[in-house]
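A.B. asks: pasted the sequence and its predicted model underneath.
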Number of protein chains: 2
Amino acid sequence: MSSSSATPGRGEKAEAAAAKPPMREALVAAAFQLFLERGYEQTTVDDIVTLAGVGRRSFFRYFPSKEDVVFPDHERCLADMTAFLATSGEEQDHEPVRRVCDAARLVLRMYAENPTFSVQRYRLTKQVPGLRAYELSVVWRYERALAEYLRRRFSGRRDGTLQADVIAAAVVAAHNNALRSWLRSDGQGDASAEVDHALGYVQSAFGAAPPPRPAGGSPDGPADEPAEDVVVVVSRRGAPLWRVVQEIETTLARD
Amino acid sequence: MSSSSATPGRGEKAEAAAAKPPMREALVAAAFQLFLERGYEQTTVDDIVTLAGVGRRSFFRYFPSKEDVVFPDHERCLADMTAFLATSGEEQDHEPVRRVCDAARLVLRMYAENPTFSVQRYRLTKQVPGLRAYELSVVWRYERALAEYLRRRFSGRRDGTLQADVIAAAVVAAHNNALRSWLRSDGQGDASAEVDHALGYVQSAFGAAPPPRPAGGSPDGPADEPAEDVVVVVSRRGAPLWRVVQEIETTLARD
DNA sequence: CTGAGCAGCGCACTGAGTGCCATGGCCCTC
DNA sequence: GAGGGCCATGGCACTCAGTGCGCTGCTCAG
């Protein structure tokens, strides 16, 4: 009823790996049916396995906890993101911020693949504290993946880990802001456009520099970028020039 | 042994509210003793109440869950932060980013009040997944408090809620980066200085503008700031000028 | 045909969290 | 000074999530 592995083909042993878990999907379907009828906390695992017609023990073989059945595909998505960031062509890595933004878009894509499912889950997690907490731990893992990547990229910079953590948090926050706005609208608007907009704000705040390398340095510096390659200038419109200069000086003089 | 309400004064009914919970502290002490000896998951609530010499039921009267005993003062700190942000003198609110940074410093102060306790807790939460998840939900509430404040301040701006969420996340990330660095050093370094440094990075990235109001507008606009009061320019050092102009244009043209 | 391996089932157990009621001290009132 | 209410605590029983272990039955390899 959802996606992935249509017409599995019966009996063929070669496709067994892909077609194996109808049980997993059956559990997810049964769980969501009950969650939507009676609510999450009013539904016990026994209720779910009874409706799905399987043994209670099997539930915990497919999902380590009751919460996991609500986020069945995040584990795969997280692996995708990790792989995406590990596949660091020297081409893309010249703009780490853009790269993590693209990584965040992977998550959006997962949500956008099943809009109705995502909207239902959103309503559920919004009002069940336990699920919110679980979602936080998932989001945290995404954020850590982004931050770890940025830490590697920024390893030569002065405040590399600080910048990595802050930028990763900003990217995640922007992504979630747009994602939640889209989910609140029942998946009607253009999710990609909203996320692009939100990520654009972060990119503009943290040094988006499209041309690969304007000047200086060897053509291919694989591991360590030259420290302090960018200068961030923030200025209130109409502010006196001496304030701008002062900001630049304090920024550069730190540490 | 810790702080707060020294020499409670026995019997005086007026101070009863302040002196009431020695039991709470006893439970925290017993819990941490056992957590450090055997580990968090190897310690049951029954172990704690037995050591503390109280009934099991009383534990859950003081702490809604086993995790809460590890973070006994966050609830109060969160209330402090909310009050701090609600006390919005028109003076401070002219610089919302600075204000939320000051709010974050409240959390640091709480950690710094009991360094050894904080370090022990840090080691615990670092290696117990359940505690990490709980801490995330606590941090999330801090972040939401900051974001809600910024949303009110930015209600007139074009992308007010987006900016609020992103800045709140950045502030929390910077704070946590510095806090964890300090905790890893067993509370040796200067926590305040580290946090100031980290928050300075965020402030410099998101428009710290010391002088109250350079020009234009009525003297006191309490609720809604004029939209797009600041322009953020991000530039790679040595980038061509046309790139800078393009960045400004895309920033202003958005939405 | 037989044995290995695996997927699912059933059962029993631990431990967190909750509801309910009894107890016992404290204060306030009559 | 006696009774009554309030509150903190203790104790009990219960639900439910999650785990360990052993059993069955199916399939595939030899």
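C.D. replies: Noted; the coordinates are in hand.
A.B. asks: tell me how many other residues surround A:Gly89.
C.D. replies: For A:Gly89, the count of nearby residues is 8 (other Cβ atoms under 10 Å in any protein chain shown). Any C-beta I mention is one placed from the backbone N, CA and C, and that applies to glycine too.
A.B. asks: pretty sure it is in a helix, no?
C.D. replies: No - counting by DSSP: H, G, I helix; E, B strand; the rest coil, A:Gly89 is not found in a helix; it is coil.
A.B. asks: could you check how far it is from DNA strand C?
C.D. replies: Separation of A:Gly89 from DNA strand C (Cβ to the nearest atom of the strand, to the nearest Å) stands at 36 Å.
A.B. asks: also A:Asp159?
C.D. replies: In terms of Cβ to the nearest atom of the strand, A:Asp159 sits 38 Å off from DNA strand C.
A.B. asks: might one say that that residue is in contact with B:Tyr201?
C.D. replies: Yes - with contact defined as Cβ atoms under 8 Å, A:Asp159 counts as touching B:Tyr201 (6.3 Å).
A.B. asks: would you map the strands across chain A?
C.D. replies: A:230-236 (DSSP state E).
A.B. asks: domain boundaries for it, per the record?
C.D. replies: Using automatic domain parsing, the domain ranges for chain A come out as A:18-64, A:71-205.
A.B. asks: which one of those lies closest to chain B?
C.D. replies: domain A:71-205 (3.4 Å; Cβ to the nearest Cβ).
A.B. asks: do any residues in the closest one lie close to DNA strand D?
C.D. replies: No - counting by Cβ under 7 Å from any atom of the strand, DNA strand D has no neighbours in domain A:71-205; the shortest distance is 9.1 Å.
A.B. asks: could you give the average pLDDT over that domain?
C.D. replies: Mean pLDDT, domain A:71-205: 94.
A.B. asks: can you give me how far it is from the chain middle?
C.D. replies: 3 Å (Cα atoms, centre = their mean, to the nearest Å).
A.B. asks: how far does that domain stretch from start to finish?
C.D. replies: Using Cα to Cα, to the nearest Å, one end of domain A:71-205 lies 32 Å from the other.
A.B. asks: touching stretch A:178-185 from outside, list them.
C.D. replies: A:107-108, A:111, A:118-119, A:122, A:189, A:191, A:194-195, A:197-199, B:162 (Cβ atoms under 8 Å, 6 or more residues apart in numbering or on different chains).
A.B. asks: was I right about A:Leu85 contacting A:Asp102?
C.D. replies: No - shown here, A:Leu85 and A:Asp102 do not form a contact pair, counting by Cβ under 8 Å, at 9.4 Å.
A.B. asks: which one's more surrounded, these two?
C.D. replies: Counted by other Cβ under 10 Å, A:Leu85 and A:Asp102 do not tie: A:Leu85 has more neighbours, with 23 against 15.
A.B. asks: next, the contact list for the more buried one, please.
C.D. replies: A:Arg99, A:Val100, A:Ala103, A:Ala145, A:Leu146, A:Glu148, A:Tyr149.
A.B. asks: how about the residues of chain A by DNA strand C?
C.D. replies: Counting by Cβ under 7 Å from any atom of the strand, the residues of chain A that sit close to DNA strand C are A:Pro21, A:Met23, A:Gly53, A:Val54, A:Gly55, A:Arg56, A:Arg57, A:Ser58, A:Arg61.
A.B. asks: among those, list the two that are farthest apart in space.
C.D. replies: A:Pro21 and A:Arg56 (17.3 Å; Cβ to Cβ).
A.B. asks: pretty sure A:Lys100 contacts A:Leu146?
C.D. replies: Residue A:100: Val, not Lys. Yes - with contact defined as Cβ under 8 Å, A:Val100 counts as touching A:Leu146 (4.6 Å).
A.B. asks: shared neighbours of these two, which are they?
C.D. replies: A:Leu85, A:Ile167, A:Ala168, A:Val171.
A.B. asks: can you pull out the helices in the stretch 1-150 of chain A?
C.D. replies: Assigned by DSSP state H, counting those that start in this stretch, the stretch 1-150 of chain A shows helices spanning A:16-19, A:22-38, A:45-52, A:56-62, A:74-86, A:96-113, A:115-127, A:129-153.
A.B. asks: okay, the angle between the last one and helix A:115-127?
C.D. replies: So that's helix A:129-153. 110 degrees (axes from the mean of the first three to the mean of the last three Cα atoms, to 10 degrees).
A.B. asks: swap in the third one?
C.D. replies: Calculated by the same axes, to 10 degrees, helix A:45-52 forms an angle of 160 degrees with helix A:115-127.
A.B. asks: any chance of JSON lines for the residues of chain A next to DNA strand C, columns distance to DNA strand D, pLDDT and neighbour count?
C.D. replies: Listed next are the residues of chain A next to DNA strand C as JSON lines, based on distance: Cβ to the nearest atom of the strand, whole Å; pLDDT from 0 to 100; neighbours: other Cβ atoms under 10 Å in any protein chain shown:
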{"residue": "A:Pro21", "distance to DNA strand D": "16", "pLDDT": "69", "neighbour count": "12"}
{"residue": "A:Met23", "distance to DNA strand D": "14", "pLDDT": "91", "neighbour count": "15"}
{"residue": "A:Gly53", "distance to DNA strand D": "16", "pLDDT": "94", "neighbour count": "9"}
{"residue": "A:Val54", "distance to DNA strand D": "13", "pLDDT": "95", "neighbour count": "17"}
{"residue": "A:Gly55", "distance to DNA strand D": "9", "pLDDT": "94", "neighbour count": "11"}
{"residue": "A:Arg56", "distance to DNA strand D": "7", "pLDDT": "95", "neighbour count": "12"}
{"residue": "A:Arg57", "distance to DNA strand D": "5", "pLDDT": "96", "neighbour count": "8"}
{"residue": "A:Ser58", "distance to DNA strand D": "10", "pLDDT": "96", "neighbour count": "14"}
{"residue": "A:Arg61", "distance to DNA strand D": "9", "pLDDT": "95", "neighbour count": "11"}
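A.B. asks: with distance to chain B added, can I get the residues you listed in TSV?
C.D. replies: Converted to TSV, those look like this (distance: Cβ to the nearest Cβ, whole Å):
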residue	distance to chain B
A:Pro21	25
A:Met23	26
A:Gly53	32
A:Val54	27
A:Gly55	26
A:Arg56	23
A:Arg57	22
A:Ser58	24
A:Arg61	20
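A.B. asks: so which of the residues you listed is the closest to A:Glu75?
C.D. replies: Closest to A:Glu75, out of all of those and judged by Cβ to Cβ, is A:Pro21, at 13.2 Å.
A.B. asks: what residue in the stretch 151-255 of chain A comes nearest to DNA strand C?
C.D. replies: Residue nearest to DNA strand C within the stretch 151-255 of chain A: A:Asn176 (26.3 Å; Cβ to the nearest atom of the strand).
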